[in-house]
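Undergrad: sharing a model prediction with you, sequence too.
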Amino acid sequence: MKVMIFSHEADLDGLYSAAIGLLRYPQALTVFLGYGAENFTKMGNFISSATHFSRERGLVIIADLGLNDDTIELCRQIFADAVRNGWKLMWVDHHPWSQAALDAAAQYVELVHDPSGTKCAADLMAEKLLPGNDFAARLASMAHTMDFFTKDQYLTPITELIKYYQTLPDFYERLSDLARKSARGILWDVEMHADYAKYAKLRDEAKLQALASLQVKPVNGFKVAFVQASQYLQSSLFSEEVFAATGADLAMFYSSKGKVSIRRSTDRISCRKVASALPEGGGHDYAAGATFASDPADAKSVVEELTAAVAKATVP
């Protein structure tokens, strides 16, 4: 049986969700994606090619990617076509979805969805695909530790390695290789270590540049840090340094590609609500992401747009 696994490109939860999928279906093709219409269109192209040009039926698994309202119709078209061609679809996710998104997906896919904030996508993948499998449970446990930042066990710096690989032209091949290694129990090796040494130098230089751009503003009683992000900085890890240096409640990391990552240091504010006030926003209360409409080269306009989003999400 043909199997395609689509998973989130940005973090350990996406990587280990794919690895757990490979444990269950070693023959699977893995594709790593971000959010937004462009990425979901890419997913649709993969699915269309597989379902139209092969007589063999198969399974599509989507993991650690939420369905936002602005991509419902696009996904409806993709899934309806796949189902007509005899394929099955499963969507495994832990992000909050609207009722409209839930209703739309339920028409075509087997939905494994838990937005409770107690499980990551890898937890759900292990429970659904390999219940009782100790190795799958261990991968899920590590993804859970990183996703919820519980710091309850040692993790290799593979999350930062994912960030580094995102800057390279063969990112998708490298990430697929990491997923297959992880599925074989190889969580760190000499090649990863050599790549990490290259990354660490770039990361440390990027930290200095990012901190030089730092602005802190009060918004509706919250202290908000605005930082010009670098492609070499992993937001969840770097946010700890920003919070320690500024005492901020919220950090907004905006990039030259028109994207923003949102992190918090207090549960009095929801990153997801802030993201929802921006284009293509989504995520969790503790971590979220979105895009912004301002010219990324115009830092003043970017900060003003992001400030307005925070203000809208935190109206007293």
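TA: Now that the structure is in, tell me what you want to look at.
Undergrad: what strands flank the lowest-mean-pLDDT helix or strand in the chain, and is each parallel or antiparallel?
TA: When the helices and strands of the chain are scored by mean pLDDT, DSSP states H and E, strand 282-283 comes last with a mean of 86. Strand 282-283 sits in its sheet next to strand 287-291 (antiparallel), going by DSSP bridges.
Undergrad: I'd like to know which elements the helix or strand harbouring residue 226 is packed against.
TA: Assessed by DSSP states H and E, residue 226 sits inside strand 222-228. Judged by 3 or more C-beta pairs under 8 Å, 6 or more residues apart in numbering; DSSP states H and E, strand 222-228 is in contact with helix 190-212, strand 215-219, helix 235-246, strand 250-254, helix 299-313. No exception for glycine: its C-beta is placed from N, CA and C like everyone else's.
Undergrad: which residues sit against that strand?
TA: Strand 222-228 is contacted by residues 209-211, 213-218, 242-243, 246-255, 268-269, 299, 302-303, 306-307, 310, 314 when judged by C-beta atoms under 8 Å, 6 or more residues apart in numbering.
Undergrad: buried among those residues? Make that a ChimeraX selection.
TA: Applied in ChimeraX, the following selects the buried portion of the contacts of strand 222-228 according to 16 or more other C-beta atoms under 10 Å:
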select :210,242,243,246,248,249,250,251,252,253,254,255,269,302,303,306,307,310,314
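Undergrad: and the helix or strand where residue 126 lies, average pLDDT?
TA: For residue 126, the host element (DSSP H and E) is helix 121-129. Averaged over helix 121-129, pLDDT sits at 98.
Undergrad: which other helices and strands contact it?
TA: Against helix 121-129 (3+ C-beta pairs under 8 Å, 6+ apart) you get helix 12-24, strand 88-93, helix 134-148.
Undergrad: got a markdown table for these, with mean pLDDT too?
TA: Converted to a markdown table, those look like this (pLDDT from 0 to 100):
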| stretch | mean pLDDT |
| --- | --- |
| helix 12-24 | 98 |
| strand 88-93 | 98 |
| helix 134-148 | 97 |
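Undergrad: burial count for residue 274?
TA: Using other C-beta atoms under 10 Å, residue 274 is surrounded by 28 other residues.
Undergrad: for residue 233, that is, sorry about that
TA: Neighbours of residue 233 using other C-beta under 10 Å come to 23.
Undergrad: for it, identify the helix or strand it belongs to.
TA: With DSSP H and E as criterion, residue 233 is part of no helix or strand.
Undergrad: cool, residue 39 as well?
TA: Residue 39 is located in helix 37-52, with elements delineated by DSSP H and E.
Undergrad: send over that helix as CSV, restricted to the C-alpha atoms.
TA: Output of helix 37-52 as CSV, limited to C-alpha atoms (Å, rounded to 0.1, in the frame of the first residue of the first chain):
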residue,chain,number,x,y,z
ALA,A,37,-2.2,28.4,1.2
GLU,A,38,1.1,27.9,-0.6
ASN,A,39,2.2,25.0,1.5
PHE,A,40,-1.3,23.4,1.4
THR,A,41,-1.3,23.8,-2.4
LYS,A,42,2.0,21.9,-2.5
MET,A,43,0.4,19.1,-0.4
GLY,A,44,-2.5,19.0,-2.8
ASN,A,45,-0.1,18.7,-5.8
PHE,A,46,1.6,15.7,-4.1
ILE,A,47,-1.7,14.0,-3.3
SER,A,48,-3.1,14.7,-6.8
SER,A,49,-0.1,13.2,-8.5
ALA,A,50,-0.2,10.1,-6.3
THR,A,51,-3.9,9.5,-6.6
HIS,A,52,-4.3,10.3,-10.3
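Undergrad: what about stretch 216-235, how long is it end to end?
TA: Using C-alpha to C-alpha, to the nearest Å, the end-to-end distance of stretch 216-235 comes to 17 Å.
Undergrad: and it, which residues are buried?
TA: So, applying 16+ other C-beta under 10 Å, buried residues of stretch 216-235: 219, 222-230, 232-235.
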